[in-house]
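*Asks:* Return a 3D structure for these sequence lines:
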Amino acid sequence: MDETPKLTLEDFEKATSNKELLAIIKEKNMPIDKVYKKLFYQEELRKLQIELVKLQQWISKNNKRVAIIFEGRDAAGKGGNIRRFAEHLNPRSMRLVALNKPTEVERGQWYFRRYIKELPNPGEIVFFDRSWYNRAVVEPVMGFCTESQYNNFMVQVPEFEHMLYEDGLVLIKFWFSISKDEQLSRFNARLETPLKRWKFSPVDREGQKLWDKYSHYKEQMFSKTHTSYSPWITVRANDKKIARLECIRYVLSKFEYDGKDKALTTLLPDPNIITRYYRSSRQID
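*Replies:* Below you'll find the predicted structure:
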């Protein structure tokens with residue numbers, strides 16, 4: 001006979017807050033770690049999203065231009081992060097950019113041209129779900145560009161980003177770092193979930209086979225495009241929920257917006273999760 005303590009309907013009706021529900025769980029000596037972690041995540045996310053709304057209003061009021069790039073291997077959590085950033089923002093002064101493969105005409109243009117027209121207008125935040133950095137990693141790994149195109153890009157991108165910096169555009173570059181085992185686990189979860197199956201593609205499958213090649217080009221990208229005016233911010237993303245919270249904290253920490261001093265939680269990112277890129281022999285991806 002199973003005598004494991006359980007929550008009853010009466011328990012849920014009696015609890016008027018998450019705090020009271022946690023007290024009941026503790027009283028019954030039930031395992032609480034997973035419940036507490038979920039409730040903590042939901043509450044922290046709510047507090048941080050309130051700050052994002054305040055930040056967006058300040059950006060709009062002061063005509064700032066902010067572009068946030070989300071890069072990383074397939075299934076690293078880029079889309080999930082963007083959704084939590086954008087969930088409660090005003091869509092009139094926020095955009096998501098997730099470009100498809102270039103058209104025949106675009107392939108004949110300067111590589112940066114199709115991204116330039118997507119850059120933020122005054123008072124706007126733009127989230128890039130992948131960016132011009134496709135040419136730094138995905139394209140050379142998969143053979144979608146020539147060696148000459150790749151080399152030209154690597155020379156031009158620091159200059160391109162320096163022009164953005166000098167023109168007053170705020171550019172934040174995130175790289176989401178996950179382990180090979182975690183990537184495989186997420187791929188399998190996509191295939192098993194009907195609502196996520198569309199995310200899986202043949203390119204994803206190749207990502208596991210070409211893991212070391214991705215690592216090589218990723219390191220080349222960091223070494224040549226990590227600059228003082230446009231640094232790479234690496235995110236340890238095996239725990240996707242913690243990664244979401246800490247990415248939001250990092251962005252909030254970069255601005256002195258109105259009402260920041262009244263935040264209900266810390267806006268300083270965890271340095272164990274969020275770091276400026278540095279060369280290390282111990283990396284998870």
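
*Asks:* residue contacts, Arg276?
*Replies:* Counting by Cβ atoms under 8 Å, 6 or more residues apart in numbering, Arg276 makes contact with 226, 231-234. Where you see a C-beta, it was placed from the backbone N, CA and C, and this is true even at glycine.

*Asks:* quick one: which of those has the most company?
*Replies:* When neighbours are taken as other Cβ atoms under 10 Å, the top entry among these is Thr234 (24 neighbours).

*Asks:* wait, isn't that residue in contact with Tyr277?
*Replies:* Yes: between Thr234 and Tyr277 there is a contact under Cβ atoms under 8 Å: 5.4 Å.

*Asks:* Between the two, which contacts overlap?
*Replies:* Trp175.

*Asks:* Show me what the biggest helix by length in the chain is packed up against.
*Replies:* With secondary structure taken from DSSP state H, the chain has its longest helix at helix 33-61. Under the contact definition 3 or more Cβ pairs under 8 Å, 6 or more residues apart in numbering; DSSP states H and E, helix 33-61 sits against helix 18-27, helix 78-86, strand 124-129, helix 240-253.

*Asks:* repeat that with 10 Å
*Replies:* Other helices and strands packing on helix 33-61, by 3 or more Cβ pairs under 10 Å, 6 or more residues apart in numbering; DSSP states H and E, are helix 18-27, strand 65-72, helix 78-86, strand 94-97, strand 124-129, helix 240-253.

*Asks:* Could you pull out the buried residues of the helix or strand harbouring Glu139?
*Replies:* Assigned by DSSP states H and E, Glu139 falls within helix 138-142. For helix 138-142, burial by neighbour count (16 or more other Cβ atoms under 10 Å) applies to 138-141.

*Asks:* One more: stretch 207-227?
*Replies:* Result for stretch 207-227 [16+ other Cβ under 10 Å]: buried residues 207, 214-215, 217-218, 221-222, 225-226.
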